[in-house]
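[1] quick one: sequence and predicted model below, then my questions.
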Amino acid sequence: MNCQIIQEYLLTDYIDNRMDACPQADIEQHLIYCRLCREYLVKLSKQVKVPLTNVRHVNPEPFLWDLIKQRIEDDRELWFQKSLIPDFWQSLRLSLQVPRPAFAIVTIVTIIWMIGTTGQIFINNILVKVNGAEQVEYISSLIDDSVGIPANNGNGSETPIEQYFL
């Protein structure tokens, strides 16, 4: 074990004499060879253990423990009920939370740029006005040389479009 782990044990379980025999033996073996951890234990004892040696031990009344136990159970039940019904604002906050804000911002800016540039292409296009009479005349000139003459006048002549499709 390294000194950091040993000092953590010293601070919690070792100083309270609440350790299992095996880890306690390892810690005591480490304390034999490590001067820093021994000094840490001495300082810890002076600051934590010694001031509490002369304190009178008070046993609270049994009803107090019952009240504490009931309060813990009530809090646990209330927490359980709240965990079943998700808080609206908390769920909204979690759904709107962005795990990578820089990536999200770059993505939004890219989308806006793409919409802006493609939108300008459509905005800059020249609008074509529809004039029905002129378009009918133009299309009919493609079909036949004159608008009022029937396409097949009985002599077997057909328009170029008719010849293509027939």
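    That came through, no problem. Small disclaimer: the values here were computed from a predicted structure and weren't measured.

[2] can you tell me the SS state at Val58?
    coil (DSSP: H, G, I helix; E, B strand; the rest coil).

[3] to clarify, my last question referred to Val106.
    Classification of Val106 by three-state DSSP places it in helix.

[4] what does the one 4 residues further on give?
    Secondary structure of Thr110, reduced to three states by three-state DSSP: helix.

[5] can you start the count at 435 instead of 1 from here on
    Happy to do that; since the first residue is 435 now, the last one works out to Thr544.

[6] tell me the spacing between it and Gly550.
    With the distance defined as CB to CB, to the nearest Å, Thr544 ends up 11 Å from Gly550. In this view, the C-beta of every residue, glycine as well, is placed from N, C-alpha and C.

[7] the residue nearest the centre of the chain: which element?
    Nearest residue to the geometric centre of the chain (CA atoms, centre = their mean): Pro533, 4.2 Å. Using DSSP states H and E, Pro533 maps to neither a helix nor a strand.

[8] mind listing what it touches?
    If you count contacts by CB atoms under 8 Å, 6 or more residues apart in numbering, Pro533 has none.

[9] spatially nearest residue to Ser479 (excluding sequence neighbours)?
    Ile449 (7.0 Å; CB to CB, 6 or more residues apart in numbering).

[10] so the one you found sits right up against Lys483, yeah?
    Yes - judged on CB atoms under 8 Å, Ile449 makes contact with Lys483 at a distance of 6.0 Å.

[11] these two: who's more crowded?
    Ile449 (15 against 12; other CB atoms under 10 Å).

[12] quick one, phi/psi of the more buried one?
    phi -70, psi -20 (degrees, to the nearest 10).
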